[in-house]
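Participant: Next come a sequence and a model predicted from it.
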Amino acid sequence: MIVRKLSRIIGTDREQSAKTWTSRRLLLADDRMGFSMHDTVIHAGTETHIWYQNHLEAVYCVQGKGSIELVKTGEIFPIEDGTLYALDGNEEHFLRAETEMRMVCVFNPPLVGPETHDENGVYPLMTLDDDAS
């Protein structure tokens, strides 16, 4: 059984940050659950270009207000507390935060831990062996 507290993840290598977000990685590939789970804060007033070409992601908003815009269609979906969206087609999108947003994110395949978005908004596909260096 795995039991973790967010307070013990903050400030460790399981917390990754970029200009627009902070991701606290509760479950990772080495936990052997088949997915990773993250408590992510999207900073107010920001826009993040994301295109998970290597992962499927489901996101549940538990705090805040913003929107997601699909690049291919231009469709915009409002996001607020209680909204779930699933990127089941690896959709390229912009995530915009009007207020600070707190999201619970699940990735398949699971993240290893140090991933951050590249210049195209993509997380690299890493394996546990990649992180062993």
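Facilitator: Happy to help now that I have it.

Participant: All the helices of this structure, in order from the start?
Facilitator: Secondary structure of the chain by DSSP state H: the helices cover 6-9.

Participant: In it, where is pLDDT below threshold?
Facilitator: For the chain, the stretches with pLDDT under 70 are 130-133.

Participant: which stretches of it form strands?
Facilitator: In the chain, the strands defined using DSSP state E lie at 15-17, 21-27, 36-42, 46-50, 56-63, 65-70, 76-80, 84-87, 93-97, 101-108.

Participant: Let me have those strands in CSV, adding mean neighbour count and distance to Lys5 as columns.
Facilitator: To be clear about C-beta, it is placed using only N, CA and C from the backbone, and glycine gets the same treatment. Below are those laid out as CSV (neighbours: other CB atoms under 10 Å; distance: least, CB to CB, whole Å):
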stretch, mean neighbour count, distance to Lys5
strand 15-17, 15, 13
strand 21-27, 21, 9
strand 36-42, 21, 11
strand 46-50, 17, 27
strand 56-63, 17, 17
strand 65-70, 18, 27
strand 76-80, 15, 26
strand 84-87, 15, 24
strand 93-97, 21, 25
strand 101-108, 19, 15
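
Participant: Which of those strands sits closest to Thr116?
Facilitator: Smallest distance to Thr116 across these (CB to CB): 6.1 Å, for strand 15-17.

Participant: Show residues contacting that closest one.
Facilitator: The set of residues external to strand 15-17 that reach it, using CB atoms under 8 Å, 6 or more residues apart in numbering, is 9, 22-25, 113-116.

Participant: Leaving out sequence neighbours, find the closest residue to the most centrally placed residue in the chain.
Facilitator: Central residue check for the chain by CA atoms, centre = their mean: the C-alpha nearest the mean position is that of Cys105, 5.2 Å away. Spatial nearest neighbour of Cys105, excluding adjacent residues (CB to CB, 6 or more residues apart in numbering): His38 at 4.3 Å.

Participant: Then Pro110?
Facilitator: Leaving aside its sequence neighbours, Pro110 sits nearest to Ser36 (CB to CB, 6+ apart; 3.7 Å).

Participant: Glu98 now?
Facilitator: In space, and not counting its chain neighbours, Glu98 is closest to Lys65: 4.7 Å by CB to CB, 6+ apart.
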